[in-house]
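*Asks:* how would this look folded up:
(chains A and B)
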Amino acid sequence: EAGVVQSPRYKIIEKKQPVAFWCNPISGHNTLYWYLQNLGQGPELLIRYENEEAVDDSQLPKDRFSAERLKGVDSTLKIQPAELGDSAVYLCASSLIGGNEQFFGPGTRLTVL
Amino acid sequence: GENVEQHPSTLSVQEGDSAVIKCTYSDSASNYFPWYKQELGKRPQLIIDIRSNVGEKKDQRIAVTLNKTAKHFSLHITETQPEDSAVYFCAASPNNAGNMLTFGGGTRLMVKP
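*Replies:* You can find the predicted model right below:
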């Protein structure tokens, strides 16, 4: 069974440019998460979806970040415009509704120059 | 909201020794406590978890203990091996579904052969 898939794995952009990340969760997993992981720190939740509904986006900086999960399967996270401080690893995870274990993708390492 | 603190931030042990990582949490409503292991450049993976109705759980060389009164929980690794070297994250969630995780800052464990 394929795990959580993310692309791209690495992205280097200049500040003020837009960037998008894509995530395909494990088949059948209704819940999808986007996390931000700064170097040497634990993941911080940005947004959580249950099916296509964003049920927790309280930590998403909505002035520049947006996310969608239109068909309740794969998801995209966008930053526009990117700032230097956005350099981090963006992790996607998925789980079953009511399931405990979150399965993480390999992450996208973003570098903003 | 929940705040999870993790100590130490780095831990170096000799192969065969035991390692203990401690976490404290602030929200008394938290009742699910997983531990994730993240090897260098790889995705976090669940290694063990514990619920609030249990004081201790063991799986081969790893064990987790929980003190709800004191709001702290610990990861114990016995007979450490070089492949245990990684960053370990504790987390807490206020529901049994584990879909509202707050992570600690991580502990970098180095096992010296």
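
*Asks:* Now B:Pro82. Its backbone dihedrals?
*Replies:* phi -50, psi -30 (degrees, to the nearest 10).

*Asks:* cool, and A:Glu101?
*Replies:* Dihedral angles of A:Glu101 (phi, psi; degrees, to the nearest 10) stand at phi -80, psi 130.

*Asks:* what about it, distance to chain B?
*Replies:* Taking CB to the nearest CB, to the nearest Å as the measure, A:Glu101 falls 5 Å from chain B. Where you see a C-beta, it was placed from the backbone N, CA and C, and this is true even at glycine.

*Asks:* List the residues that contact the closest residue to that residue other than its chain neighbours.
*Replies:* The shortest distance from A:Glu101 to any non-neighbouring residue, by CB to CB, 6 or more residues apart in numbering or on different chains, is to B:Leu46 (4.9 Å). Neighbouring residues of B:Leu46 by CB atoms under 8 Å, 6 or more residues apart in numbering or on different chains: A:Glu101, A:Gln102, B:Pro34, B:Trp35, B:Tyr36.

*Asks:* what do you get if the cut-off is 6 Å, keeping everything else the same?
*Replies:* Shown in contact with B:Leu46 (CB atoms under 6 Å, 6 or more residues apart in numbering or on different chains): A:Glu101, B:Pro34, B:Tyr36.

*Asks:* Any idea how many residues pack against the last one?
*Replies:* Using other CB atoms under 10 Å in any protein chain shown, the number of residues around B:Tyr36 comes to 26.

*Asks:* Grab the CA positions of the helix or strand encompassing B:Met110 and hand them over as CSV.
*Replies:* Following DSSP states H and E, one finds B:Met110 within strand B:107-112. Provided in CSV are the C-alpha atoms of strand B:107-112 (Å, rounded to 0.1, in the frame of the first residue of the first chain):
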residue,chain,number,x,y,z
THR,B,107,14.6,15.1,21.5
ARG,B,108,17.6,14.2,19.4
LEU,B,109,18.8,10.9,20.6
MET,B,110,22.3,9.8,19.7
VAL,B,111,23.4,6.2,20.5
LYS,B,112,27.1,5.8,20.4
